[in-house]
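Q: coordinates only, sequence not included:
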């Protein structure tokens with residue numbers, strides 16, 4: 001991973017609902033002399049990336065277990081698989 005070596009100070013993602021970009025932009029506009037809300041520090045940036053990686057691995061495992069690659073339950077009846085799995089989302 002490049003981020004630790006580069007000492008990333010912040011993250012700008014492509015899902016604005018997850019990283020509250022609109023709120024950060026509003027803060028930047030209304031309080032330009034305050035610290036930039038996009039730069040939360042290297043520790044926070046790396047923690048964000050670790051959680052993102054864990055969520056992606058979790059969600060990929062769930063999809064694999066549910067047969068989403070095929071979109072069918074066992075037997076090929078066209079019934080989506082269901083299971084006691086919880087997707088990793090922002091709300092938990």
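A: Ah, there it is. Everything quoted here is computed from the prediction, not taken from an experiment.

Q: C-terminal to the helix or strand of the chain with the lowest mean pLDDT, what's the next element?
A: For the chain, using mean pLDDT, DSSP states H and E, the weakest element among its helices and strands is helix 16-19, scoring a mean of 75. Downstream of helix 16-19, the first helix or strand assigned by DSSP states H and E is helix 21-30.

Q: what's that following helix in contact with?
A: 12-13, 16, 34, 36-38 (C-beta atoms under 8 Å, 6 or more residues apart in numbering). Yep, even glycine has a C-beta here, placed from its N, CA and C like the rest.

Q: out of the residues you listed, which comes closest to residue 48?
A: Nearest to residue 48, judged by C-beta to C-beta, of the contacts of helix 21-30 is residue 13 at 8.4 Å.

Q: in three-state terms, label the closest one for me.
A: Under the three-state scheme (DSSP: H, G, I helix; E, B strand; the rest coil), residue 13 adopts coil.

Q: which non-adjacent residue is nearest it?
A: residue 19 (4.6 Å; C-beta to C-beta, 6 or more residues apart in numbering).

Q: the one you found: neighbour count?
A: Per other C-beta atoms under 10 Å, the neighbour tally for residue 19 reads 18.

Q: identify the residues contacting it.
A: 11-13, 48.

Q: now distance to residue 62 too, for those, in CSV please.
A: Output for those, formatted as CSV (distance: C-beta to C-beta, whole Å):
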residue, distance to residue 62
11, 24
12, 27
13, 21
48, 21
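
Q: and the longest helix anywhere in the chain, what's buried?
A: Ranked by residue count, the top helix of the chain under DSSP state H comes out as helix 42-65. By neighbour count on 16 or more other C-beta atoms under 10 Å, the buried set for helix 42-65 is 45-46, 48, 59, 62.
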